[in-house]
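# okay, here's the prediction I keep looking at, along with the sequence it came from:
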Amino acid sequence: MNVLIIGSGGREHAIADAFSRSKIVTSIWVSPGNAGIAREFKCLNLDSDEKILAHCQSEDIDLVFIGPEQPIAAGLSDFLRARSIKVFAPSRAAARLETSKAFAKELMTRYSVPTARYQMIHAPEEIEDVLQDFAFPVVLKADGLAAGKGVVIASSYSEATTVCRDLLSQKSGSKGVLAEEYLKGWEVSLFAITDGKDYQTTLFAQDHKQLCDHDLGPNTGGMGAYCPVDEAEAYRGAIERDILEPVLTAMCEEGCPYTGVLYMGLMITMEGPKVIEFNCRFGDPETQALLPLLVTDFAEVCRAVTDHEVAKLSLSWEDQVCLAVVLAAEGYPGSYVKGIKLNLHELHSRPYFAGVASENDSLVSNGGRVMALVAKASDLATARALVYHDVDSMPGKELICRRDIGLRENTLR
């Protein structure tokens, strides 16, 4: 099998690594990739749908795996499928579960999927009337793609009003603002591999979105994750029965069956699991902590989806813990420093590269999230020790990270 992966981040590096362990994959390409990924896999910049198609035809690509949300939202999977190319990604219509929070919320309401109470704000003059129906804090989300950073928890009416006006401004590009009740509980992520009808769920993972320790600071694209999350296992049956199965049924009834991987961002509350958000692709950095534990051939997983044979699929996992800690450039998620030289000698953990470039045969930072350091071990404490040993041994202080990945107390109080 020849595989083309679309994307340029740490998630795509982890996906390429998973494919490289397959017994049936012979060639892996990544577009555009990055300088770190290019040290292991063939990277090239295919900057249009037509160039991607031409590469698929010239290199006999058997599967295109679309990593990030933007090309899915732009319709790349539809374009390729219409030309008989097998794709691991949902259609543009199905991806509305992520690209339109209004669509997702309306669908969950119609099909009685547990989620937070919400109202949409489409214009500044609606802000006051909507906000008066919510207690504070209130969750405010841009109705559109925001790279994991379009969420603000506003603690006061004044703050909420300012956030709504900013999200509604032309500068933000938001199609509206979703005001949502603040759910109390603890968060966890679960992925479903599905061909539209049948599904298999993965291990649970836990992302750490806020920039700073103790979940303080602004939301980011994710500062680290670990897997599995044992405390979540008691809720798997309810999540599959009350959330996943109704949503997959709903998408079929809506005329846009969902295929690929569906990310469920969940809050475990006193009333049970509730949906925070859906994503139409593997999460970043959860993927970096999840895929290293996969024993089942990843290419076979993808083939089960494209050939509508997920019912025959059996997912197997290593009995270990995997931890991913993101190293980011100073200033992220705002304006950040570039050109930080990376010293990667004698690492005990596995680097998955994101925002990096090549300079004089060395890797330097070229993005906000620079890379994730990932380690597997028999227990969480050992995995943490391996990763943070490498963090502490890296020279310079230009890269920042959280020191508490994997230390949350997943309890209801």
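Looks like it arrived, so ask away. Residues are numbered from 1 along each chain as shown.
# quick check, Asp198 in contact with Val310.
Yes. In terms of C-beta atoms under 8 Å, Asp198 counts as a neighbour of Val310; the distance is 4.3 Å. Quick note: C-beta positions are derived from backbone N, CA and C, even for glycine.
# of the two, who's got more company?
Using other C-beta atoms under 10 Å as the criterion, Asp198 and Val310 rank with Val310 on top: 19 against 16.
# any idea how far the strand or helix carrying Ser189 is from the chain center?
Element membership of Ser189 [criterion: DSSP states H and E] is strand 186-194. Here the centre of strand 186-194 is set off from its chain's centre by 10 Å, with C-alpha atoms, centre = their mean, to the nearest Å.
# and for stretch 280-293?
Here the centre of stretch 280-293 is set off from its chain's centre by 7 Å, with C-alpha atoms, centre = their mean.
# that stretch - what's its average pLDDT?
The average pLDDT for stretch 280-293 rounds to 97.
# which parts of it are buried?
Going by neighbour count (16 or more other C-beta atoms under 10 Å), the buried part of stretch 280-293 is 280-293.
# check stretch 289-308 too.
289-294, 296-306.
# what of stretch 261-278?
Using 16+ other C-beta under 10 Å as the test for burial, stretch 261-278 gives 261-268, 273-278.
# what of stretch 132-144?
So for stretch 132-144, counting by 16+ other C-beta under 10 Å, buried means Phe134, Val138, Val139, Leu140, Lys141, Ala142, Asp143, Gly144.
# my read: the second one touches Tyr182, true?
Yes. Using C-beta under 8 Å as the test, Val138 is close enough to Tyr182 to be in contact (6.2 Å).
# overlap in contacts of the two?
Shared contacts of Val138 and Tyr182 (C-beta atoms under 8 Å, 6 or more residues apart in numbering): Ile153.
# just the ones of the buried residues of stretch 132-144 in strands?
Counted as lying in strands by DSSP state E, out of those, are Val138, Val139, Leu140, Lys141, Ala142.
# from the residues you listed, which two are the most distant?
Across those, the longest distance by C-beta to C-beta is 14.3 Å; it joins Val138 and Ala142.
# least confident secondary structure element in the protein?
strand 151-154 (a mean of 88; mean pLDDT, DSSP states H and E).
# which residues touch that strand?
With C-beta under 8 Å, 6+ apart, strand 151-154 has contacts from Phe136, Pro137, Val138, Val139, Leu140, Lys141, Ala142, Ala160, Val163, Tyr182, Lys209, Asn219.
# which pLDDT value goes with the first one?
Among the per-residue scores, Phe136 holds a pLDDT of 95.
# and if you look at the fourth one?
According to the per-residue confidence, Val139 scores 93 in pLDDT.
# let me have the contacts of strand 151-154 in a markdown table, extended by distance to Lys175.
Shown next, in a markdown table, are the contacts of strand 151-154 (distance: C-beta to C-beta, whole Å):
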| residue | distance to Lys175 |
| --- | --- |
| Phe136 | 24 |
| Pro137 | 23 |
| Val138 | 19 |
| Val139 | 17 |
| Leu140 | 14 |
| Lys141 | 11 |
| Ala142 | 8 |
| Ala160 | 19 |
| Val163 | 16 |
| Tyr182 | 22 |
| Lys209 | 22 |
| Asn219 | 19 |
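# quick one: which of those residues is nearest Ala375?
For the contacts of strand 151-154, the nearest to Ala375 is Lys209 (21.0 Å; C-beta to C-beta).
# identify the bridge partners of Val3.
Ile28, Leu63 (DSSP bridges).
# how far away is it from Lys197?
Note on Val3: its distance to Lys197, by C-beta to C-beta, to the nearest Å, is 24 Å.
# buried ones in the helix ranked longest in the chain, by neighbour count?
Ranked by residue count and defined by DSSP state H, the top helix of the chain is helix 380-393. Buried residues in helix 380-393, defined by neighbour count with 16+ other C-beta under 10 Å: Leu380, Ala383, Arg384, Leu386, Val387, Tyr388, Asp390.
# now the residues you listed as CSV including distance to Gln70 and pLDDT?
Listed next are the buried residues of helix 380-393 as CSV, based on distance: C-beta to C-beta, whole Å; pLDDT from 0 to 100:
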residue, distance to Gln70, pLDDT
Leu380, 33, 98
Ala383, 31, 98
Arg384, 33, 98
Leu386, 33, 97
Val387, 29, 97
Tyr388, 32, 97
Asp390, 31, 94
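# ok so, going back, so which of the buried residues of stretch 289-308 belong to helices?
Going by DSSP H, the helices hold Ala289, Leu290, Phe298, Ala299, Glu300, Val301, Cys302, Arg303, Ala304, Val305, Thr306 from the buried residues of stretch 289-308.
# and which of these is nearest to Val25?
Ala299 (5.1 Å).
# name the nearest residue to that closest one, sequence neighbours excluded.
Distances taken as C-beta to C-beta, 6 or more residues apart in numbering place Ser22 nearest to Ala299, at 4.0 Å, with adjacent residues excluded.
# for that neighbour, give its distance to Ala16.
Applying C-beta to C-beta, the value for Ser22 to Ala16 is 11 Å.
# check Phe136 too.
Taking C-beta to C-beta, one finds Phe136 at 44 Å from Ala16.
# show me where the stretch 151-300 of the chain has strands.
Secondary structure of the stretch 151-300 of the chain (DSSP state E, counting those that start in this stretch): strands at 151-154, 177-181, 186-194, 199-207, 210-212, 216-219, 224-227, 260-269, 272-279.
# with that, I have no additional questions.
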